[in-house]
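Participant: Take this sequence and fold it.
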Amino acid sequence: MKTSDLPSGIRSHTLDSGEIRYEARVHRSNALPLSKRFKTVKEATTWKSQADALIAGGIDPKTVLGKKGPPQSLPATSPAVANPSPSTGGELTVKQAVKNYLSFRQKSHNPLPSNSATDYEKVAGDFGDFLVTNLRNEDLSNYITVLLRTPLKRDVKRQAKGTLKGPLRTYKQATVRKFLFAIKVALEWNAKNGKTELSRHLFAFERKTMPSAWAGKRDRRLHAGEEERLYAAGISRSNNTYSESDWRAVIGFALESAMREQEITLAQWSDVTPSGARLHIPGLNTKTKTARTIKLSKRAMEIIRLQREDCPKNEKRIFYQFPNAQALCEAFARLRERAGIPDLHFHDFRHEATSRLCESGKEKLVTIMQMTGHKDMATFGGYFHLSEEGITDTMD
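Facilitator: Sure, this is the predicted structure:
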């Protein structure tokens, strides 16, 4: 490849062996340029995009990017955990502490759902061999800062490909809070079971240091034509993605049942009552760990019937196409982009379904609350947002 054909900031070098390496170079204010060589243009471009994004976020890329190419997560040399002490004498590391806790939960009567386990795996990868006994409140506070400033990997990849629309996004405060909760639970479990000691003030954060749980309640509803646009954006399964029929099934069911994505992906054929008119949701599948049984609409029953026709033999799950809730949400994010629909999450279908049930006037509020699993009106009120059309229809 000619130098003139290479992306900006990338240049090629021929080694004595005749092999070609591609050097990525970034410039930092008031500091020498930072560069790194890679075997492929793609690796060099990805690394440069990450470095540029970190500089834009006020972070020195040299302290965050690893030594062996683009990082998959924050390495132990990040500002959050600078200069970690090596593990010696069998002392417990954060990585091992998380592994201990996950192993315990996996064998217990209450195993962690896969989408929650990824939060623990994330912090284990970020802190790695940092000794638990050396961990201080300042390290966790710095970790929060780094996460809130670090661009999302998928946005960095899209920027490298030139497909990113809009600015680079970072982790939301609610997501960072989940990571902090994961490390807190894991470390405190190890301390409670005599595997380590924790600093007494480890989780005593200064005021406003801990990220907020939610920046605000969402009231996003589907706009006219958006549902069909989502279905039309489905692609043939031969392209290693989900088809229009897959999306009609899972989105349609979400809009009829008001179930969470985790509840949908974990639902099994054995959860459907013999009459086919109701679906039991086990407590282990729910966010609140409280079981409930919902009434299925005619459309929901038809979706289940079609799913059964195509379901592989011996498959226990109804929506077998989607391996877990995280896979569903990530695939939906790609679908939404293909459909050109901004700011729509799969969880918004739960709001939409609840709102439609309220607008229809066919069910009492107490029945709808039993379907959604809400126990108090204050929380339930954040899940239905009546449209002007819905209010008018009800009043007529």
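
Participant: Local confidence estimate at the residue lying closest to residue 14 once chain neighbours are set aside?
Facilitator: Nearest residue to residue 14, sequence neighbours excluded (Cβ to Cβ, 6 or more residues apart in numbering): residue 20, at 5.7 Å. Bear in mind the C-beta positions are built from the backbone N, C-alpha and C, glycine included. At residue 20, the model reports a pLDDT of 85.

Participant: What is the burial count for residue 6?
Facilitator: Neighbour count for residue 6, taken as other Cβ atoms under 10 Å: 16.

Participant: ok now do it, which residues does it touch?
Facilitator: For residue 6, the contact set (Cβ atoms under 8 Å, 6 or more residues apart in numbering) comprises 12, 22, 41.

Participant: Most neighbours among those, which one is it?
Facilitator: residue 22 (23 neighbours).

Participant: Can you report phi and psi for it?
Facilitator: Main-chain dihedrals, residue 22, degrees, to the nearest 10: phi -110, psi 120.

Participant: any idea how far the nearest residue to it once chain neighbours are set aside lies from residue 118?
Facilitator: The shortest distance from residue 22 to any non-neighbouring residue, by Cβ to Cβ, 6+ apart, is to residue 44 (4.2 Å). If you measure residue 44 against residue 118 using Cβ to Cβ, to the nearest Å, the figure is 29 Å.

Participant: And the lowest mean pLDDT element among the helices and strands of this structure?
Facilitator: Of all helical and strand segments in the chain, the minimum by mean pLDDT, DSSP states H and E falls on helix 388-395, at a mean of 37.

Participant: can you tell me how far residue 191 sits from residue 320?
Facilitator: Taking Cβ to Cβ, one finds residue 191 at 40 Å from residue 320.

Participant: Which element is encountered next along the chain beyond the helix or strand harbouring residue 119?
Facilitator: Taking DSSP states H and E as the definition, one finds residue 119 inside helix 114-127. For helix 114-127, the following helix or strand on the C-terminal side (DSSP H and E) is helix 137-149.

Participant: Now the element after that next one, going C-ward?
Facilitator: Reading on from helix 137-149 to the C-terminus, the next helix or strand found by DSSP H and E is helix 153-161.

Participant: Counting by contacts, list what that following helix packs against.
Facilitator: helix 41-56 (3 or more Cβ pairs under 8 Å, 6 or more residues apart in numbering; DSSP states H and E).

Participant: For whichever helix or strand comes after the helix it packs on, buried residues please.
Facilitator: Next in sequence after helix 41-56, counting helices and strands by DSSP H and E, comes helix 94-107. Judged by neighbour count (16 or more other Cβ atoms under 10 Å), helix 94-107 contains these buried residues: 94-98, 100-102, 105.

Participant: and helix 94-107, C-alpha only, in PDB?
Facilitator: Output of helix 94-107 as PDB, limited to C-alpha atoms (Å, rounded to 0.1, in the frame of the first residue of the first chain):
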ATOM      1  CA  VAL A  94      -9.100  -8.100  42.400                       C
ATOM      2  CA  LYS A  95      -9.300 -10.500  39.500                       C
ATOM      3  CA  GLN A  96      -9.100 -13.500  41.800                       C
ATOM      4  CA  ALA A  97     -11.600 -11.900  44.200                       C
ATOM      5  CA  VAL A  98     -14.100 -11.500  41.400                       C
ATOM      6  CA  LYS A  99     -13.500 -15.000  40.200                       C
ATOM      7  CA  ASN A 100     -14.100 -16.400  43.700                       C
ATOM      8  CA  TYR A 101     -17.400 -14.600  44.000                       C
ATOM      9  CA  LEU A 102     -18.600 -15.600  40.500                       C
ATOM     10  CA  SER A 103     -17.700 -19.200  41.200                       C
ATOM     11  CA  PHE A 104     -19.700 -19.100  44.500                       C
ATOM     12  CA  ARG A 105     -22.700 -17.600  42.700                       C
ATOM     13  CA  GLN A 106     -22.500 -20.100  39.900                       C
ATOM     14  CA  LYS A 107     -22.800 -23.000  42.300                       C
END
